[in-house]
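# Below are the sequence and a predicted model for it; my questions follow.
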Amino acid sequence: MGKYIATIGIECHVQLCTKTKLFSEVDNDARSKEPNSCVSPVDYALPGMLPRLNGEAVRLAILAGRAMNCEINACSRFDRKHYFYPDSPKGYQITQFYHQIIGAGYVELPSGTRIRIEHAHLEGDAGKLTHFGAYSLVDLNRVDTPLIEIVSMPDIHSAKEAHDYCKELWRLMCYAGVTYGDLYNGNMRFDVNTSLAPEGASELGTRTEVKNLNSFRSVERAVEYEIKRQTKVLEAGEKVIQQTLGWSDATGKTTPQRSKEVAADYRYMPEPDLPPLNLSSEYIEAESAKLPLMPKDYREKFGEIIAGDTLEILLDYPSLMEKLAEVALLGHGVAPLLANLFASVLLAEEKSAEYLNDLPSAEDLAALAEMNEKKELSSTATKEVFLRLFDPQMRERGTKQIAKELGLIQENDLGALEVIVDAVLAKPETAKAQEDFRAGSEKVLGFLVGQVMKESRGKANPSAVQEILRKKLS
Amino acid sequence: MEIKREEILHLAELSNFSLSEQEVESLGKDLQGILSYISQLDELDTSGVEPTYQVFEMENVWRADKVLPQEAAREELLALSKETEDNQIKVPKVL
């Protein structure tokens, strides 16, 4: 039996972080809000209510498109996609079926593989249904939250690659600043199409679609499962049925979703209530220029001075990368130390999520790196001062003052250190150790350094002390 | 073009309408009338004519992203539904 090649295409819905909804002036941030409290007569689709397009959603769509190296189409329009379901009072979704705002482009994975984007379009989200035994409850807060739906080409060929694509897409959208990127709350949702075909076949196999995945891990597991399941079906000489599947994280399986017997028939038609967009090239260029640094820009900037695995960890946190770039402007070569502090100290903290929203100033961080470089702070002391900078009250005093108050500044002044060393060597209790060292015992040096450290109340730079001791005892 | 009974039933199902036998017949007649009226346009040669999406020739109409106070209160809007529970609209379970 020959090998099968998997072909995977992914559709991703991204909720945009506008203040208001796509078509009404209602609060778009319904997190922790009461059901049906962010809803207007427009969202209820009451007779005579008309949609009014949110200009910010258009602007964010341009940024999202540019983040994926996509063409931005000057002309785009809205269409109605009809379906009956209680999550949509209008009886149709307003989307861009015929003329989308975002054209072809590509997403480059950290591995260098490029996944082509077919197009992406603006549309309104649906409401939320909660199912109970015989009835369902409808919350319309999410109705017409602006979405962009990103449609990839079937360029993905493994579960790992599907995972990496979704993760990179998430990073791009977060860096572009178009979404809060909170996967747990459904800010990005993935529909994954998977098909298998024998190696070398010219046609793709029958595909299945796993809907509504909301984590990279689920995407990876669902694709792994589908590849295994479809391989078994094909090896048994049977046919894969084209169907929509649901995924359960708990069971680790996909299951067919119950679907209407009637084939999908959305009766698309142009939305008569929304005039088309015809964006000038000046407008598109001006908005595109506002795209912040993207992950690839950071990889170029820091790739040679920050270890690759550290950099990839930090790239999951746009605020850290922004800060790193800001600090790098202030001091040459401070980025590697701070990258390590971010990765190994900050992210290991229990309160790291909180800390990420309120980072110390670039000046304070640069000062910290500088003190470490000048050996005024030991590596332990650097970590301690670093963490104090996340305490809003402490922070006001500045890096130097904090280090001073905590008594962490190391004595590097050789003259001052020599005075302390002399005082220690004059003490009768060190006489034996001095004698032993001269007789060739290396290990007593540690004892003597310890005595000097004690005398200096821990502020002496141990390596400098060692050097002075060796000189004096030679 | 003649509209068939099955097409009326198909459209009714897509829209979740349950129609009586009488309604199927009368709606079918109405739809047939509308289609016949519109079909007069078929006499025109529209090859090379751009499709008309809207007739006002407006474009780039959008508003600022600013939350405005809503005149209709949640209670008023919920009161429009047949049935509610816990500030949500209660509907029969739909597949």
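Perfect, I can see it now.

# show me the contacts for residue A:61.
When contacts are counted by Cβ atoms under 8 Å, 6 or more residues apart in numbering or on different chains, residue A:61 touches A:16, A:101, A:102, A:120, A:122, A:148, A:178. (Each C-beta comes from the backbone N, C-alpha and C, glycine too.)

# my hunch is that residue A:217 is in a helix, does that hold up?
Yes. The assignment for residue A:217 is a helix, going by DSSP: H, G, I helix; E, B strand; the rest coil.

# That one and residue A:163 touch, don't they?
Yes. Counting by Cβ atoms under 8 Å, residue A:163 is a contact partner of residue A:217 at 7.4 Å.

# Look at these two and report which has more neighbours.
Neighbour count, other Cβ atoms under 10 Å in any protein chain shown: between residue A:217 and residue A:163, residue A:163 has more, with 21 against 12.

# mean confidence for whichever helix or strand the more buried one is part of?
Using DSSP states H and E, residue A:163 sits in helix A:159-176. Per-residue pLDDT over helix A:159-176 has a mean of 97.

# buried ones in that helix?
Under the neighbour-count criterion of 16 or more other Cβ atoms under 10 Å in any protein chain shown, helix A:159-176 has A:159, A:161-176 buried.

# just stretch A:361-368 next, same as before
A:361, A:362, A:364, A:365, A:366, A:367, A:368.

# What separation is there between the nearest residue to the fourth one once chain neighbours are set aside and residue A:303?
If the residues on either side of it in the chain are set aside, residue A:365 comes closest to residue A:327, at 5.0 Å by Cβ to Cβ, 6 or more residues apart in numbering or on different chains. Residue A:327 sits at a distance of 17 Å from residue A:303 (criterion: Cβ to Cβ, to the nearest Å).

# quick one: which of these two has more around it?
residue A:327 (24 against 12).

# The more buried one contacts residue A:334, correct?
Yes. Residue A:327 is in contact with residue A:334 according to Cβ under 8 Å; the separation is 5.8 Å.

# Nearest residue to the middle of the chain?
All of this is about chain A. residue A:316 (3.8 Å; Cα atoms, centre = their mean).

# that's the other chain; I wanted chain B
Note: chain B centre (Cα atoms, centre = their mean) maps to residue B:15, 8.6 Å.

# quick one, what contacts residue A:33?
Applying Cβ under 8 Å, 6+ apart, we find residue A:33 in contact with A:27, A:141.

# Look up how far residue A:140 lies from it.
Taking Cβ to Cβ, one finds residue A:33 at 12 Å from residue A:140.

# Show me which residues of chain B sit near chain A.
Proximity of chain B to chain A, by Cβ under 8 Å from any Cβ of the partner chain, involves residues B:10, B:13-16, B:53-54, B:56, B:58-68, B:70, B:72, B:74, B:77-78, B:80, B:85-95.

# so where's the stretch 301-450 of chain A shaky on pLDDT?
A:332 (pLDDT under 70).

# For whatever residue of it ends up closest to chain B, grab phi and psi.
The stretch 301-450 of chain A approaches chain B most closely through residue A:318 (21.3 Å), counting by Cβ to the nearest Cβ. When read as degrees, to the nearest 10, the backbone of residue A:318 gives phi -50, psi -40.

# Also the one 10 residues further on?
Note on residue A:328: backbone dihedrals following degrees, to the nearest 10 are phi -60, psi -30.

# neighbours around the nearest residue to it once chain neighbours are set aside, how many?
Closest residue in space to residue A:328, ignoring its immediate chain neighbours: residue A:335 at 4.7 Å, by Cβ to Cβ, 6+ apart. By other Cβ under 10 Å, 19 other residues sit near residue A:335.

# Surely residue A:335 and residue A:303 touch.
No. Residue A:335 is not in contact with residue A:303 according to Cβ under 8 Å; the separation is 11.3 Å.
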